[in-house]
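> Pasted the sequence and its predicted model underneath.
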Amino acid sequence: MSKKVLLGNEAIARGAYEAGCHVAAAYPGTPSTEILETIARDYRDIKSQWSPNEKVALEVVAGASIAGARALAAMKHVGLNVAADPLFTFSYTGVNGGMVIINADDPGAWSSQNEQDNRHFARAAKVPMIEPSGPAEAKEFVKLAFDISEQFDRPVIVRITTRIAHSQEIVELGEKKDVPVREFIRDPKKYVMIPAHARPRHKFIEEQLVKLKEYSNKSDLNRIEKGTTRRGIICNGVAYNYVKEVCPDDWVLKIGFIWPLPDDMIREFAGLVDEIIVVEELDPFIEEYVKAMGIKVRGKDIVPLLGELTPEIVDEALNKNRPLNSVPDYRNEIPGRPPQLCPGCPHAFVFEVLKKLDLHVNGDIGCYTLGVLPPYSAMHSQGCMGASIGMNLGFEKAHGPEMAAKSIAVIGDSTFIHSGITALIDLVYNKGTGTVLILDNRITAMTGHQDNPSTGKTLMGEDAYEIDLEQLVRAVGVKRVITVDPKNIEEFEKVVREEIAVREPSVIISLRKCVLIKN
Amino acid sequence: MKNVIFAGVGGQGVILASKILMEAAKNAGYGIKESEVHGMAQRGGSVDCHVRYGEKVYSPLIGKGHADYIVSLEILESMRKLDYLALDGTLIVSIEQINPAPVTVGTMKYPADLEEWIKSNVKNYKIVNTENAVKEVGSRKAMNIVMLGVLSKYLEFSMAEWETAIKNTVKDKFFDMNMKAFNAGRAF
Ligand SMILES: Cc1ncc(C[n+]2csc(CCOP(=O)(O)OP(=O)(O)O)c2C)c(N)n1
Ligand code: SF4
């Protein structure tokens, strides 16, 4: 077998390939993006695609699974919020071919709008979740996830974090398993969730959870590692590595099966040591569970709740007051280096104008969110993808149409297709008069330049129908639609002034290519 | 176990430099872990790569105070990483300056005394001016490999091992240019 140094996300793609996965769908999002990019580049037997958003990606994957294929969806943590609706009910239908969801959390919010802990989703949606501690494990866990999915008729979530997704190690490559696509046998009681079918399926999934707990108790995804002290550390994910390094003598219970947690093994572990500390990133998920079992543990009283753990943070929590062995810090204040729009970026022209007009800017997510920072400082509210248009309408509903003349929604092409279009329908339907600025830079730039339905190319590199944004916007009832190149600053400013002044919905498409687009 | 941090500004190529080092370490039979930065910060922000190799490596991150080498492709960026350097570790830094946003907009000044400060506070350092080297190689983008060449003098891998690592990592058509850059670095 050959060995290769792989990025966590590449190892996951490899795992899907070795597991005989047939279909993969995703919407990009750091730190999960490279999973589908690798599949499309290296494992072309897998039909892979960018979907317009995570909900659709998961639905495509659920359909493929129910139809009999092994299928994988990948998304960042907030992507699972978007895909939560299909998750919770495809949990009820279960699967036919194995169905695996790769969920990438981002402790530290390196590239995200929040640092939510998606282990809660597994519990809430009643689906099994497993979590590797590094790229090599990630590959094996993905393969196992497909097996568990088929064995227990459950979608399975593989949770990773940024530090797993974007770290590299040596991975042993295995052979591809050839798995035939199963037959689809019509079974509405399983696959059509009317209330009469959902109630018995609820019973079924609770029963499966009991079986899964037995499985988790025996699974070698969880393991006790002997120590020489009387102290035991329970840990998961990347934190396991920090624990092994800073407390090599302690007992360790490494949790790879996040949900359901292995009760018997936790009890056994508690019997082996005098004191237990849970070292986990973000929420006290394992800690609270173990406490609820009546076992005394420490955790978030010494391990930080916020941000990402690091070796020195875990060292400080577990070993207390170890002096740092480093050189003195530079004495003067160092200028920070926040990320910036590239020189010549089309968004830069836009924000120059928005700043000059001093509009209230309801922003969205993409490279253009950097418009919030100096030198522009021209974005004033922003939440999740697609929110700008609805928020802008909310501003108008709160303050009346005068507000619509002083505010603007700013959204990228990919984000507009992801979840802006429904809000635009709302704007027209509910008689808003606001202006929407679609920043069409011909690419999904922020996440590393992926194609999307408006670029005319698919993930696998085929030509596709290129959505005509003007037509799309007209079709939902917007009559004033203007496309303008923002580099023509004067013209652009004139258009913005005109459109915010009129008392009807209008859309300005600011069309200029991202400067980093190749060819 | 060796701990190396590559630091720089998004776009300078710290990931490629660390990839080549990992390839050399892998071929020498070591275990490896590496951690890198993708996403938002790559848009001209501060980036770094942690590379660790040895018999058994657990953590993909180097703990503060534990880096044996910090290789910084930009001098200001080396300042942000200093608390990672072990007391007997070595700072290898290019005097290259890339102005960060607060400097370009004029709210802050680029510190003028960084070289002096390093000389009087860091025990082991190597400060290099890569200006001529990148000119000779014919590409500013090769500075990462020049700096890798500087680092290579401190590490255990032979020239043949480095050559193989570079060959296995970069595209064929860039191999010669990268070797030239690497050798320029070794000459410092
Ligand atoms: C629900 C969700 N999915 C994915 C992301 C990751 N993400 C952030 S911005 C972005 C796309 C931005 O593309 P676009 O709107 O075209 O703007 P650009 O970056 O090209 O300016 C993505 C996918 C996210 N933040 N939230
Ligand atoms: S990647 Fe493209 S869209 Fe993003 S900042 Fe650079 S030029 Fe602008």
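Okay, I see it. Ligands and ions are numbered 1, 2, ... in the order given.
> ok, and does stretch A:369-389 reach over to ligand 2?
No. With Cβ under 6 Å from any ligand atom as the criterion, ligand 2 is not reached by stretch A:369-389; the gap is at least 6.8 Å. To be clear about C-beta, it is placed using only N, CA and C from the backbone, and glycine gets the same treatment.
> for that stretch, the distance to its chain's centre please.
Between the mean C-alpha point of stretch A:369-389 and the mean C-alpha point of its chain there is a distance of 20 Å (Cα atoms, centre = their mean, to the nearest Å).
> Straight-line length of that stretch, end to end?
End-to-end distance for stretch A:369-389: 15 Å, by Cα to Cα, to the nearest Å.
> That one close to ligand 1?
Yes. Stretch A:369-389 lies in contact with ligand 1 when judged by Cβ under 6 Å from any ligand atom; the contacting residues are residue A:385.
> what does the stretch 251-400 of chain A put close to chain B?
A:310-312, A:315, A:324-342, A:367, A:370, A:373-375 (Cβ under 8 Å from any Cβ of the partner chain).
> Please pick the buried ones from the residues you listed.
Buried residues within these, defined by neighbour count using 16 or more other Cβ atoms under 10 Å in any protein chain shown: A:310-312, A:315, A:326-327, A:330, A:334-335, A:337-342, A:367, A:370, A:373, A:375.
> What ranges does chain B have for its helices?
Taking DSSP state H to define them, one finds helices in chain B at B:14-27, B:75-81, B:101-104, B:114-121, B:131-137, B:143-152, B:159-169, B:172-186.
> okay, the ones you listed, which one's buried deepest?
Scoring the helices of chain B by mean neighbour count under mean count of other Cβ atoms under 10 Å in any protein chain shown gives helix B:143-152 as the most buried, with a mean of 26.
> Only C-alpha atoms, please: export that one in PDB.
As requested, C-alpha coordinates have been extracted for helix B:143-152 and formatted as PDB (Å, rounded to 0.1, in the frame of the first residue of the first chain):
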ATOM      1  CA  MET B 143      10.900  33.700  -2.200                       C
ATOM      2  CA  ASN B 144       9.300  30.900  -0.200                       C
ATOM      3  CA  ILE B 145      11.600  28.400  -1.700                       C
ATOM      4  CA  VAL B 146      14.600  30.600  -1.200                       C
ATOM      5  CA  MET B 147      13.700  30.700   2.500                       C
ATOM      6  CA  LEU B 148      13.300  27.000   2.500                       C
ATOM      7  CA  GLY B 149      16.800  26.800   1.100                       C
ATOM      8  CA  VAL B 150      18.000  28.900   4.000                       C
ATOM      9  CA  LEU B 151      16.300  26.600   6.500                       C
ATOM     10  CA  SER B 152      17.600  23.500   4.800                       C
END
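> got a list of contacts for it?
The set of residues external to helix B:143-152 that reach it, using Cβ atoms under 8 Å, 6 or more residues apart in numbering or on different chains, is B:4, B:6, B:8, B:12-14, B:16-17, B:20-21, B:69, B:71, B:73, B:92, B:94, B:96, B:126, B:128, B:130, B:133-134, B:137, B:162, B:166, B:178, B:181-188.
> wait, what's in contact with residue A:125?
By Cβ under 8 Å, 6+ apart, the contact set of residue A:125 is A:84, A:87-88, A:91.
> re the thing from before, distance to residue A:112 added to the helices of chain B, as JSON lines?
Compiled in JSON lines, the helices of chain B are given as follows (distance: least, Cβ to Cβ, whole Å):
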{"stretch": "helix B:14-27", "distance to residue A:112": "20"}
{"stretch": "helix B:75-81", "distance to residue A:112": "22"}
{"stretch": "helix B:101-104", "distance to residue A:112": "21"}
{"stretch": "helix B:114-121", "distance to residue A:112": "32"}
{"stretch": "helix B:131-137", "distance to residue A:112": "35"}
{"stretch": "helix B:143-152", "distance to residue A:112": "27"}
{"stretch": "helix B:159-169", "distance to residue A:112": "30"}
{"stretch": "helix B:172-186", "distance to residue A:112": "34"}
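> Look up how far residue A:33 lies from the residue nearest the centre of chain A.
Nearest residue to the geometric centre of chain A (Cα atoms, centre = their mean): residue A:76, 0.9 Å. Per Cβ to Cβ, to the nearest Å, residue A:76 is found 8 Å from residue A:33.
> now do residue A:452
For residue A:452, the distance to residue A:33 equals 13 Å [Cβ to Cβ].
> Kindly report the same for residue A:189.
According to Cβ to Cβ, residue A:189 stands 38 Å off from residue A:33.
> What sits closest to the residue in chain B positioned nearest to ligand 2 if chain neighbours are left out?
Across chain B, no residue is closer to ligand 2 than residue B:43, which sits at 5.6 Å (Cβ to the nearest ligand atom). Counting by Cβ to Cβ, 6 or more residues apart in numbering or on different chains, residue B:43 lies nearest to residue A:339, which is 3.9 Å off, once chain neighbours are set aside.
> isn't there a strand covering the one you found?
No. The assignment for residue A:339, made by DSSP: H, G, I helix; E, B strand; the rest coil, is coil rather than a strand.
> what pLDDT does it get?
In this prediction, residue A:339 carries a pLDDT score of 88.
> Tell me which helix or strand residue A:171 sits in.
Secondary structure here is read from DSSP states H and E; on that basis residue A:171 sits in strand A:167-172.
> For the longest helix along chain A, buried residues please.
What stands out as the longest helix in chain A, according to DSSP H, is helix A:195-218. Of the residues in helix A:195-218, those buried under the neighbour-count criterion (16+ other Cβ under 10 Å) are A:197, A:201, A:205, A:208-209, A:212-213, A:215-217.
> same check, this time on stretch A:253-262
For stretch A:253-262, the neighbour count (16+ other Cβ under 10 Å) marks A:253-262 as buried.
> Would you map out the domains in chain A?
Residue ranges for the domains of chain A, per automatic domain parsing: A:3-218, A:223-333, A:346-511.
> can you list the residues of chain B near ligand 2?
For chain B, the residues in contact with ligand 2 under the definition Cβ under 6 Å from any ligand atom are residue B:43.
> typo on my end, it should be the stretch 251-400 of chain A
Neighbours of ligand 2 within the stretch 251-400 of chain A, by Cβ under 6 Å from any ligand atom: A:341-342, A:345, A:347, A:367.
> shaky segments in chain A?
Per-residue confidence for chain A (pLDDT under 70) gives these ranges: A:1, A:321-326, A:331, A:519.
> correct me, but residue A:378 touches residue A:371?
Yes. Under the contact definition of Cβ atoms under 8 Å, residue A:378 touches residue A:371, with a separation of 5.2 Å.
> Need the overlap of contacts for those two.
A:351, A:354, A:361.
> for chain B, which spans come out with low pLDDT?
Screening chain B residue by residue with the criterion pLDDT under 70, one finds the ranges B:41.
> wait, residue A:483 sits on residue A:512?
No. Under the criterion of Cβ under 8 Å, residue A:483 lies out of contact with residue A:512, with a separation of 10.4 Å.
> list residues touching both of the two?
Each of residue A:440 lies in contact with both residue A:483 and residue A:512 under the rule Cβ under 8 Å, 6+ apart.
> who's in contact with residue B:110?
If you count contacts by Cβ under 8 Å, 6+ apart, then residue B:110 has A:335, B:76, B:97, B:99-100, B:103 around it.
> can you tell me which two in these are farthest apart?
Checking these against each other with Cβ to Cβ, the farthest-apart pair comes out as A:335 and B:97, at 11.4 Å.
> so what sits against both of those two?
Listed as contacting both residue A:335 and residue B:97 by Cβ under 8 Å, 6+ apart are B:76, B:110.
> How about the secondary structure of residue A:432?
coil.
> what's the neighbour count on it?
Residue A:432 has 25 neighbours, counted by other Cβ atoms under 10 Å in any protein chain shown.
> Over to the one 10 residues further on?
Using other Cβ under 10 Å, residue A:442 has 20 other residues around it.
> do the same with residue B:88
The local packing of residue B:88 (other Cβ under 10 Å) involves 9 other residues.
> distance of it from residue B:75?
Separation of residue B:88 from residue B:75 (Cβ to Cβ): 22 Å.
> Sounds good, over and out.
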